[in-house]
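1. Using only what follows, build the 3D model:
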Amino acid sequence: MAVNAPAASDPASTLNALASKQGSAADSEQRFLKLLVTQLNNQDPLNPLDNAQLTSQLAQMSTVSGIEKLNGAVQSLLAQSGASQVLQSAALIGRTVLVPGKEAAVKGGVPDKFGIDIAGAADAVKVSVKNAAGEVVRTFDLGALPAGVKMVDWDGKSDTGAALPDGNYSLSVTAKAGKEDVLSLALTYAKVASVAQVYGGASLDLGGGRKAGLDEVRQVL
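-> Now for the predicted structure:
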């Protein structure tokens with residue numbers, strides 16, 4: 001004689017859906033156990049839930065609970081680490097730092113100092129300085145360079161030797177190793193106005209809408 005058992009949802013599948021939503025590990029466990037008891041009460045006597053399946057579902061409950069608890073612990077550690085970084089970074093307020101930047105200015109005939117950062121050794125490194133119209137006014141062929149930070153000595157003049165007018169100039173860097181591009185970027189100086197805590201660390205406010213992460217600082221003056 002066939003016995004028709006009432007349809008019951010799979011607790012493991014339901015738990016996976018619950019785990020994707022916000023909620024505590026305790027809530028997920030309680031709901032899982034209620035669904036498991038319901039399934040046991042409504043199981044087909046001719047085809048009962050076997051031990052392997054039961055063990056698998058209980059293991060999934062334990063895994064999800066463990067992941068949620070671990071995730072909570074990690075979030076707590078990140079928050080503590082971020083707060084610690086902010087306190088340490090407070091010492092940078094008012095200091096000048098060298099960070100990634102794409103602009104250098106000429107003020108009163110005096111140009112901003114800038115540098116470059118190359119991720120790997122390069123056979124040919126080139127820096128271009130462009131005016132507001134996008135025209136290249138100064139080029140630096142730096143040749144082969146090792147990986148790392150290098151300052152560029154710019155006197156505020158064009159390739160023809162003429163003094164450039166005051167204003168903002170954009171910087172671009174290209175580096176190649178053979179035919180392959182090497183990751184490179186321009187670095188400029190900025191003064192730290194304030195420090196704020198963001199997810200996973202500290203953010204430096206450099207004024208004028210510029211911000212930089214603590215890990216982007218290459219040099220502190």
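
2. what stretches of the protein score poorly on pLDDT?
-> Flagging of the chain using pLDDT under 70 yields the residue ranges 1-30, 32-33, 36-87, 200.

3. please redo it, this time with the cut-off set to 80
-> The chain contains residues with pLDDT under 80 at 1-89, 197-201.

4. domain parsing for the protein?
-> 11-90, 93-220 (automatic domain parsing).

5. What's the end-to-end length of the last one?
-> With C-alpha to C-alpha, to the nearest Å as the measure, domain 93-220 spans 11 Å from end to end.

6. Arg210 contacts Lys191, correct?
-> No. If you go by C-beta atoms under 8 Å, Arg210 and Lys191 don't touch, sitting 10.1 Å apart. In this view, the C-beta of every residue, glycine as well, is placed from N, C-alpha and C.

7. since we're on Val217, how many residues are nearby?
-> 18 (other C-beta atoms under 10 Å).

8. Spatially nearest residue to it, not counting backbone neighbours?
-> Val97 (4.9 Å; C-beta to C-beta, 6 or more residues apart in numbering).

9. count of residues packed around that neighbour?
-> 21.

10. same check, this time on Leu92
-> 18.

11. Extract the CA atoms of stretch 103-113 and return them as CSV.
-> Extracted C-alpha coordinates of stretch 103-113, given in CSV (Å, rounded to 0.1, in the frame of the first residue of the first chain):
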residue,chain,number,x,y,z
GLU,A,103,48.2,67.2,-12.3
ALA,A,104,51.1,69.5,-11.5
ALA,A,105,50.8,73.3,-11.4
VAL,A,106,53.1,76.2,-12.2
LYS,A,107,52.7,79.1,-9.8
GLY,A,108,54.7,82.2,-10.0
GLY,A,109,57.0,80.5,-12.5
VAL,A,110,57.7,77.7,-10.0
PRO,A,111,56.5,74.2,-11.0
ASP,A,112,55.2,71.6,-8.6
LYS,A,113,57.5,68.7,-8.0
